[in-house]
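J.: Below is the structure, and that's it, no one-letter string:
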């Protein structure tokens, strides 16, 4: 069985233990540390894994020296993402292999998550399970964005802890790693400007719930694409945005999760929050608003959801135990729906592994070097990645013909 599927099952089991013994703080702390350590280890040992290695190997290994990477940082191909080129140049300067570079990104991400989850005391293993299973693609394949998200999380943690200089530096660094992080700078500025004036009332979440239902049937992307074509946007950036918006699915299983989260927040009265939690709550609200408006456009949504998701999960873990006895049933229903969604996602992932186009998801770890050479593993996995993109291009072509 795929190593990541084993990890999903392992985290699910530990989450169940956490719910069975909620008052055993020492036990739950040890369980969380175990879950965090195993998750970090499993994602760190992946070796030339996934379909996106076609791009990353070309970027990292084809540039013979760190100087070449620096020279290419401001090329058209690197437009808006020069920070990642500098990061790779730094890794090459210290003689890091491609695997070492990917492992460093994984460590940075899980370190950021650990720092954020320190803000809550309960159900951290469950929070980690949700984050891993809902953002698996980010952790497994998307190195640029994973690094951007890690720096973004560190930045917010620093800002809410009033380490403003370091927080601003990390936020700006995040924006140089991936274009999607540029949008997040706007949300962060709004969150800090409005945290004292914008009320987080039940009506706000009711409105978002209505929007989620409305935009499930009425896509917003068509209107935005029409507007974007008349704006002074770089051609490559416009093409990328339109491509992300054109990929849509009207109904997704995760709809029930979004629906239940908004229902719960809509029924809860004012939650006790200090200034730190108000900031996290506002970032979460912006994330839920983005989800409500762009629910159908899952490709675009997943790009920005990765930044919001850790904060939405953290805020929910903090807020829901404060539910009154009258609304606690909603909190329990949400937990059940999340568990069911987790099981459904694991089953979907397992079924997907059987498809020929997903051959690039076959387990490949650094321990494979005990049996094969680096060149052999690299070559085999590049062939698997090429197979995925061949099937993907066929799917995109047929989808465009249908539309």
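T.: Ah, there it is. Not measured: the values here are computed from a predicted model. Numbers count the residues shown, from 1 in each chain.
J.: Can you pull up the most central residue in this protein?
T.: Centroid check for the chain by CA atoms, centre = their mean gives residue 306 as the closest residue, at 2.7 Å.
J.: where does that residue fall, phi/psi-wise?
T.: Here is the backbone geometry of residue 306 (degrees, to the nearest 10): phi -60, psi -30.
J.: Quick one: residues contacting residue 386.
T.: Shown in contact with residue 386 (CB atoms under 8 Å, 6 or more residues apart in numbering): residue 54. Just so you know, the C-beta spots here come from the backbone N, C-alpha and C atoms, and that holds for glycine as well.
J.: let's see 6 Å
T.: Contact partners of residue 386, counting by CB atoms under 6 Å, 6 or more residues apart in numbering, are absent.
J.: Same check on the one 5 residues further on?
T.: When contacts are counted by CB under 6 Å, 6+ apart, residue 391 is found next to residue 357.
J.: Does it lie in a helix or a strand, and which?
T.: helix 374-402 (DSSP states H and E).
J.: With residue 83 instead?
T.: Element membership of residue 83, judged by DSSP H and E, is helix 82-93.
J.: The next helix or strand after that helix: how far from the chain's middle?
T.: Following helix 82-93 in sequence order, the next helix or strand is helix 98-117 (DSSP H and E). From the chain centre to the centre of helix 98-117 is a distance of 13 Å (CA atoms, centre = their mean, to the nearest Å).
J.: Below-threshold pLDDT in this structure: ranges please.
T.: For the chain, applying pLDDT under 70 flags the ranges 1, 63-80, 196-199, 219-251, 269-271, 393-403.
J.: and the direction of the helix holding residue 83 versus that of helix 98-117, what angle?
T.: Between helix 82-93 and helix 98-117, the angle comes out at 120 degrees (axes from the mean of the first three to the mean of the last three CA atoms, to 10 degrees).
J.: and helix 82-93, what does it pack onto?
T.: helix 66-72, helix 164-177 (3 or more CB pairs under 6 Å, 6 or more residues apart in numbering; DSSP states H and E).
J.: if we can go back for a sec, from residue 89, how far out is the residue nearest to the centre of the chain?
T.: The gap separating residue 306 from residue 89 is 24 Å, by CB to CB, to the nearest Å.
J.: just checking, residue 139 touches residue 43?
T.: Yes - contact criterion CB atoms under 6 Å: residue 139 and residue 43 qualify, at 5.1 Å.
J.: Skip the chain neighbours and tell me the closest residue to residue 115.
T.: In space, and not counting its chain neighbours, residue 115 is closest to residue 157: 4.9 Å by CB to CB, 6 or more residues apart in numbering.
J.: From the contact counts, what lies against the helix or strand that that neighbour is a member of?
T.: Residue 157 belongs to helix 143-160 when assigned by DSSP H and E. Packing contacts for helix 143-160, counted by 3+ CB pairs under 6 Å, 6+ apart, involve helix 98-117, helix 164-177, helix 298-319.
J.: how about those, which one is nearest residue 361?
T.: Of all those, helix 98-117 sits nearest to residue 361, with 15.7 Å by CB to CB.
J.: which parts of that closest one are buried?
T.: Buried residues in helix 98-117, counting neighbours by 16 or more other CB atoms under 10 Å, are found at 98-99, 101-106, 108-110, 112-114, 116-117.
J.: Then stretch 314-334?
T.: The neighbour-count check on stretch 314-334 (16+ other CB under 10 Å) flags 314-320, 323, 327, 330-331, 334 as buried.
J.: From the chain's centroid, how far away is stretch 97-106?
T.: 18 Å.
J.: Please apply the same query to stretch 23-41.
T.: 21 Å.
J.: Give the buried residues for that stretch.
T.: 28, 31-32, 35-36, 38-40.
J.: and residue 295, which of the three is it?
T.: coil (DSSP: H, G, I helix; E, B strand; the rest coil).
J.: For it, list the residues it contacts.
T.: Residue 295 neighbours (CB under 6 Å, 6+ apart): 212, 215-216.
J.: Which parts of the stretch 151-300 of the chain are helices?
T.: 164-177, 180-194, 202-217, 221-228, 235-246, 255-267, 275-293, 298-319 (DSSP state H, counting those that start in this stretch).
J.: Show me the contact partners of stretch 134-148.
T.: Contact with stretch 134-148 is made by 43, 50, 52, 56, 84, 102, 105, 109, 174, 177-178, 181, 306, 309, as judged by CB under 6 Å, 6+ apart.
J.: Give me the neighbour count for the closest residue to residue 166 other than its chain neighbours.
T.: Distance criterion CB to CB, 6+ apart; nearest residue to residue 166, sequence neighbours excluded, is residue 158 at 4.8 Å. Number of residues near residue 158 (other CB atoms under 10 Å) recorded here: 19.
J.: my read: residue 158 touches residue 167, true?
T.: Yes - counting by CB under 6 Å, residue 167 is a contact partner of residue 158 at 3.5 Å.
J.: residues touching residue 126, list them.
T.: Shown in contact with residue 126 (CB under 6 Å, 6+ apart): 15, 18.
J.: check which helix or strand covers it.
T.: Residue 126 belongs to helix 124-134, assigned by DSSP H and E.
J.: Tell me which helix or strand comes right after that helix.
T.: Following helix 124-134 in sequence, per DSSP H and E, is helix 136-140.
J.: gap between that next one and the chain center?
T.: Helix 136-140 sits 7 Å away from the centroid of its parent chain (CA atoms, centre = their mean).
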